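Enquirer: My questions are about this predicted structure, shown below with the sequence.
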Amino acid sequence: MIKNIILAVCMGIISHPLFAEENETLEITVHRSPTCGCCGKWIQHLKDNHFKVTDIVEDDMQAIKDKYGVSRQMQSCHTATVNGYVIEGHVPASDIKQLLKTKPAVAGLSVPGMPSGTPGMEMGGRKDPYQVISFDKENHYQVFSQHNDKP
């Protein structure tokens, strides 16, 4: 009986930090155009996944992209920063969390363009396959994750 109690307490202590980490609130700053509707949907996706969002409406998004080193090939509609990384476009919250967990030596992640079915770009049942691309300051690109799910 005492062994079971000790085991239960130990498991609770060990598993509690893992649970807290999964639901930890992460702070992210999003720069977006005042005329973009999908950006608001992506922001809601982040909030639904335990991100605390600072939403900054910008008149000159190109200046923001230039400031954070987002090349033309990686650009989308909004640019965010989180823990020193740049997040460009409709990157899923799960990929941002994976980036923050693994901390690779990259500048950030991007979903170039605006593929249908990405977070914030939901269009009924349409869901195009897409890739999340990591990029560095020298404009080297690598596939970070692949999203091929079809409805």
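Expert: Perfect, thanks for sending it.
Enquirer: nearest spatial neighbour of the residue positioned nearest the centre of the chain, skipping sequence neighbours?
Expert: In the chain, the residue lying closest to the centroid (C-alpha atoms, centre = their mean) is residue 96, at 3.4 Å. Counting by C-beta to C-beta, 6 or more residues apart in numbering, residue 96 lies nearest to residue 87, which is 5.9 Å off, once chain neighbours are set aside. No exception for glycine: its C-beta is placed from N, CA and C like everyone else's.
Enquirer: Check the average confidence over the host helix or strand of the one you found, would you?
Expert: Here residue 87, judged by DSSP states H and E, is contained in strand 85-89. Per-residue pLDDT over strand 85-89 has a mean of 98.
Enquirer: Could you do stretch 93-100 as well?
Expert: For stretch 93-100, mean pLDDT is 98.
Enquirer: Show the pLDDT at residue 127.
Expert: We have a pLDDT of 89 for residue 127.
Enquirer: So it is in contact with residue 117, correct?
Expert: Yes. Counting by C-beta atoms under 8 Å, residue 117 is a contact partner of residue 127 at 3.0 Å.
Enquirer: Contacts only, for residue 98.
Expert: 144-145 (C-beta atoms under 8 Å, 6 or more residues apart in numbering).
Enquirer: That one: what secondary structure?
Expert: At residue 98 the chain is in helix, as set by DSSP: H, G, I helix; E, B strand; the rest coil.
Enquirer: Identify the residues contacting stretch 66-82?
Expert: Contacts of stretch 66-82 with the rest of the structure, by C-beta under 8 Å, 6+ apart, involve 26-33, 36, 38-39, 42, 51, 61, 64-65, 86-90, 96, 100, 107-108, 110-114, 133, 135, 137, 139, 141.
Enquirer: on that earlier part again, the residue nearest to the centre of the chain against residue 108, yeah?
Expert: No. With contact defined as C-beta under 8 Å, residue 96 does not count as touching residue 108 (9.6 Å).
Enquirer: what sits in contact with each of those two?
Expert: Taking C-beta under 8 Å, 6+ apart as the criterion, residue 96 and residue 108 both touch residue 87.
Enquirer: distance of residue 146 from residue 65?
Expert: According to C-beta to C-beta, to the nearest Å, residue 146 and residue 65 sit 24 Å apart.
Enquirer: Same drill for these two, tell me which one is more crowded.
Expert: Neighbour totals were compared for residue 146 and residue 65, and residue 65 leads with 20 against 10 (other C-beta atoms under 10 Å).
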